[in-house]
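*Asks:* how does the following fold in three dimensions:
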Amino acid sequence: MDTKKNKKVNQYNRWGYIFLIPFISVYIVFQLIPLITTVYNSFFENYREGLMQIGPRFIGLENYKAVFSSPDIWIYAKNTMIMWVMGFIPQIIFSLLLAAWFSDNRMRIKGARFFKTVIYLPNLIMASAFAMLFFALFSDGGPINYMLMDLGILKAPYRFFSHAGSTRALVAIMNFLMWFGNTTILLMAGMMSIDTSLYEAAEVDGATSTQRFFKITLPVLKPILIYVAITSLIGGLQMFDVPQILTDGKGEPMRSSMTLIMYLNKWLYSKNMGRGGALSVVMFVITGALSLLVFKLSGYDKEED
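*Replies:* The predicted structure follows:
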């Protein structure tokens, strides 16, 4: 009997491995091989100068030295983090409020399903389309400037894309609008899974709604908040399409909206595969280190132990 059961278990396990084959194949072809190739190319001098191809020639860590010796990487890293923080902080606050309202049965919000759909819709719009829309709205002769002048707030058109603060703010607003709906849905799922008896017991003990939120809701949502923070951080470091379209790839004004991926794109566009590979590896390490830092600062790993 035991041998028959073992055979059945092995057959079921075999089907599990078979279903994993497509995922593993896609991962190897589109993730693992490009990653290994990128690391390999980062140790070579390989670029075009006019019509002449230079390399590939092995130069060791010279590409990495060039990346870190240039002040550009630190400037663009700072720009990327500033724009990510400007978009992420209001995103998480707004999403928490919306998730709390929609998941509270006592509020009985009319048309809740409709509003949930509406707040998620921007997530389905392509970032390039969003950027083109904002570029048209906030251009010097755009409707926003005309509206502000008609209201008497401005006497002359405000050049939004000529000031570092306003350009960064527009990028942050677009990232906020595109992603707060997805974050809200995730937080709602977490809140709806909380045992209602915890809230009932806290209410009997005289806890206010604010106390219930900070003492029950937030601690239970901690794993989801960590997930949101890490995925948002990874997405922020990969910020490219919105600032690229808004500033025509120049990162103006004064390179204040140039991101790390835009900087990487310049090397790849100039066919400098070695320098681009080195920068890609550096960004991979930075992303991993920052994600680990967020996880460590949350203290969730200690709770698991």
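*Asks:* give the buried residues for stretch 54-74.
*Replies:* Using 16 or more other C-beta atoms under 10 Å as the test for burial, stretch 54-74 gives Ile59, Asn63, Tyr64, Val67, Ile73. Glycine gets a C-beta too; all of them are placed from N, C-alpha and C.
*Asks:* Tyr120 touches Trp179, doesn't it?
*Replies:* No - with contacts counted by C-beta atoms under 8 Å, Tyr120 stays clear of Trp179, the gap being 10.4 Å.
*Asks:* these two: who's more crowded?
*Replies:* Using other C-beta atoms under 10 Å, the more surrounded residue of Tyr120 and Trp179 is Trp179, with 21 against 14.
*Asks:* how about the contacts made by the more buried one?
*Replies:* Applying C-beta atoms under 8 Å, 6 or more residues apart in numbering to Trp179 gives the contacts Gly87, Gln91, Asn123, Ser232, Gly235.
*Asks:* cutoff 10 Å now
*Replies:* Neighbouring residues of Trp179 by C-beta atoms under 10 Å, 6 or more residues apart in numbering: Gly87, Phe88, Gln91, Ser95, Pro122, Asn123, Val228, Thr231, Ser232, Gly235, Gly236.
*Asks:* quick one: average confidence on the host helix or strand of it?
*Replies:* Here Trp179 sits within helix 164-192, counting by DSSP states H and E. Confidence over helix 164-192, taken as the mean pLDDT, stands at 89.
*Asks:* before we move on, what about stretch 227-245?
*Replies:* Within the predicted structure, the mean pLDDT of stretch 227-245 is 88.
*Asks:* can you list the buried residues in that stretch?
*Replies:* The neighbour-count criterion (16+ other C-beta under 10 Å) identifies 228-230, 232-233, 236-237, 239-245 as the buried residues of stretch 227-245.
*Asks:* stretch 140-160 now?
*Replies:* Taking 16+ other C-beta under 10 Å as the basis for neighbour counts, the residues of stretch 140-160 that come out buried are Ile144, Asn145, Tyr158, Phe160.
*Asks:* show residues contacting it.
*Replies:* Around stretch 140-160, the neighbours that count as contacts under C-beta under 10 Å, 6+ apart are 134-139, 161-162, 166-167, 169-170, 246, 253.
*Asks:* nearest to Pro223 among the residues you listed?
*Replies:* Set against Pro223, the nearest of these by C-beta to C-beta is Ala169 (31.2 Å).
*Asks:* that closest one reaches Gly87, doesn't it?
*Replies:* Yes - distance between Ala169 and Gly87: 9.4 Å, which falls inside the contact criterion (C-beta atoms under 10 Å).
*Asks:* okay, those two: which has more neighbours?
*Replies:* Neighbours per residue, other C-beta under 10 Å: of Ala169 and Gly87, the larger number sits with Gly87, 27 against 15.
*Asks:* not counting its neighbours along the chain, what's nearest the residue nearest the centre of the chain?
*Replies:* Taking C-alpha atoms, centre = their mean, the centroid of the chain lies closest to Gly235, which sits 2.1 Å from it. Counting by C-beta to C-beta, 6 or more residues apart in numbering, Trp179 is the residue found nearest to Gly235 once chain neighbours are left out, at 7.5 Å.
*Asks:* and Arg48, what element?
*Replies:* Remark: Arg48 resides in strand 44-49, with elements defined by DSSP H and E.
*Asks:* that strand: what's the following helix or strand?
*Replies:* Sequence-wise, the next helix or strand downstream of strand 44-49 (DSSP H and E) is strand 52-58.
*Asks:* what packs against that following strand?
*Replies:* Packed against strand 52-58, as judged by 3 or more C-beta pairs under 10 Å, 6 or more residues apart in numbering; DSSP states H and E, are the following elements: helix 33-41, strand 44-49, helix 273-298.
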